[in-house]
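S.K.: Kindly return the folded structure for what I paste below:
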Amino acid sequence: STWKRPDSRSLFSMDTEGRVMRFDSLSKVLSSGLRLGFVTGPTALVDRINLHTQASNLHPSGVSQALCSKLLHHWGQEGWDLHVNKVALYYMKRRDIFEALARKYLSAYAEWTTPSAGMFVWFKLHGIDDTQQLIQEKARGANVLLLPGQAFSPTNSKSEYVRAAFSTASEEDMEEALSRFSKLLETS
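M.R.: Modelled structure (predicted):
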């Protein structure tokens, strides 16, 4: 493929005071079962995190760490960049399929912004100021798996948003779910 993931401006490039920390996960880029991540940032802050981690984590998986270390050394920077590009293209294609189906079924009931990365779409539902009951009762009963925005609120506040994942569902399952959700919204 000749497609290349667009570069994003690093938060580190905007940091003028040495306060930016970056937390990364290999779970979405290599394999969800690995559950490995890493932090990059000012040495003093990273050292404090390491100290806390030593006192709070029992045993991070040595097998997962060794596997990732060997793979990343084998790939080198060029191999890593190639892999990340393939993963980004995969998710972008899935996003585009999901969004086309969302336009087909949800345009009258919701608005959203096309995500530039990741595997989720946030829908702002028209005329519904609290999605908690809709999702926990009606959507769940219709086998539509979404998360109400309230689940992401630090104050547990009502929300007119729902989060939908598009990373693992087949195109047929996406269409079925969005069709079902559209019918729920039509009657709500």
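S.K.: Can you check the pLDDT for the residue lying closest to Leu45 once chain neighbours are set aside?
M.R.: In space, and not counting its chain neighbours, Leu45 is closest to Met21: 5.9 Å by Cβ to Cβ, 6 or more residues apart in numbering. Every C-beta, even on glycine, is put in place using the N, C-alpha and C of the backbone. Met21 carries a pLDDT value of 94.
S.K.: Check Ser1 too.
M.R.: Reported pLDDT for Ser1: 54.
S.K.: Also the one 4 residues further on?
M.R.: With respect to pLDDT, Arg5 has a value of 77.
S.K.: Contact partners for it?
M.R.: Val84, Asn85, Ala88, Leu89 (Cβ atoms under 8 Å, 6 or more residues apart in numbering).
S.K.: What is the burial count for Leu101?
M.R.: As a burial measure, Leu101 scores 19 neighbours (other Cβ atoms under 10 Å).
S.K.: ok so it is a strand residue?
M.R.: No. Under the criterion used here (DSSP: H, G, I helix; E, B strand; the rest coil), Leu101 is helix, not part of a strand.
S.K.: still on that earlier bit, would you check that the residue nearest to Leu45 makes contact with Val39?
M.R.: Yes. Using Cβ atoms under 8 Å, Met21 is in contact with Val39, at 6.1 Å.
S.K.: Please identify every residue contacting each of these two.
M.R.: Residues touching both Met21 and Val39 by Cβ under 8 Å, 6+ apart: Val46.
S.K.: filter the contacts of Arg5 to the buried ones?
M.R.: Ala88 (16 or more other Cβ atoms under 10 Å).
S.K.: got a markdown table for the contacts of Arg5, with pLDDT and distance to Leu134 too?
M.R.: Formatted as a markdown table, these follow (pLDDT from 0 to 100; distance: Cβ to Cβ, whole Å):
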| residue | pLDDT | distance to Leu134 |
| --- | --- | --- |
| Val84 | 91 | 36 |
| Asn85 | 91 | 38 |
| Ala88 | 90 | 32 |
| Leu89 | 92 | 34 |
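S.K.: Sounds good, over and out.
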